[in-house]
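Enquirer: no sequence on hand, only this structure:
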Ligand code: GDP
């Protein structure tokens, strides 16, 4: 599943403005600083494909990247900016929820979770919302190379991954697929591509 070509196509403000050619797509979303840009670039083996500005206010866009002229990778705004005004945070939530509920070509949401820290409330809530609304989801655990630290409760990435899955179990009928990744060791990169290829062929 080697990626040959990936091109930025467009940024959309609303779901209705997204590309209308019907190609299947995968949306990447996660808390700010989870490693989303790094992962996106690692998947397509580019240094700087992700154009999403990290400044709150400039991130309210749905960014489409077309891969091999046959499917899309979609970069969604990160959530959980501590510094963003409440009003703006509500806006993001509304806008991404509308996309999740109404984008018919969306194959799976790839929810990025930092495996180097214990489960965060906002991530658990996000996952639960997707589960309760029956939006297909894949859990992508990031930073799995990071060693345990005392201040993080002394837990290993594997422990945090297990804890997270345990905590969201009640919101899902079946356990969502999950992949452990690292942009340092490139763990999980091929697995993600393979998983996407399998989902596209359903
Ligand atoms: P974004 O805000 O979600 O787009 O996150 P970035 O891709 O900009 O990454 C945020 C920070 O985490 C940066 O300092 C990255 O170098 C670091 N980072 C991203 N992925 C990994 C990873 O797999 N392992 C480690 N150790 N650090 C990572």
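Expert: Structure's in. What do you need? Keep in mind that what you see is a predicted model, and the values were worked out from it rather than measured.

Enquirer: could you point out which element follows the helix or strand bottoming out on mean pLDDT in the chain?
Expert: Every helix and strand of the chain was ranked by mean pLDDT, DSSP states H and E. The lowest is helix 86-102, at a mean of 77. From helix 86-102 onward toward the C-terminus, using DSSP states H and E, the following helix or strand is strand 106-114.

Enquirer: and whichever helix or strand comes after that next one, what does it pack against?
Expert: Using DSSP H and E, the next helix or strand after strand 106-114 towards the C-terminus is helix 121-132. Secondary-structure packing of helix 121-132 (3 or more Cβ pairs under 8 Å, 6 or more residues apart in numbering; DSSP states H and E): strand 106-114, strand 137-142, helix 157-168. Bear in mind the C-beta positions are built from the backbone N, C-alpha and C, glycine included.

Enquirer: most tightly surrounded among these?
Expert: Highest mean neighbour count among the helices and strands packed on helix 121-132 (mean count of other Cβ atoms under 10 Å): strand 137-142, with a mean of 24.

Enquirer: so in that sheet, which strands flank it, and in what orientation?
Expert: Strand 137-142 pairs in its sheet with strand 106-114 (parallel), strand 178-180 (parallel), by DSSP bridges.

Enquirer: what angle sits between that strand and helix 157-168?
Expert: 150 degrees (axes from the mean of the first three to the mean of the last three Cα atoms, to 10 degrees).

Enquirer: is there proximity between strand 137-142 and the ligand?
Expert: Yes: Strand 137-142 is in contact with the ligand by Cβ under 6 Å from any ligand atom, via residue 142.

Enquirer: so for that strand, what's the average pLDDT?
Expert: Strand 137-142 shows a mean pLDDT of 98.

Enquirer: now swap in stretch 18-35 and tell me
Expert: Mean predicted confidence for stretch 18-35 is 95.

Enquirer: and what of stretch 165-176?
Expert: Rounded mean pLDDT across stretch 165-176 is 93.

Enquirer: endpoints of it, how far apart?
Expert: By Cα to Cα, to the nearest Å, the extent of stretch 165-176 from end to end equals 9 Å.

Enquirer: measure residue 135 to residue 156 for me?
Expert: Counting by Cβ to Cβ, to the nearest Å, the separation of residue 135 from residue 156 is 29 Å.

Enquirer: neighbour-wise, which of those two wins?
Expert: Between residue 135 and residue 156, residue 135 has the larger neighbour count (other Cβ atoms under 10 Å), namely 18 against 15.

Enquirer: all good on my end, thank you.
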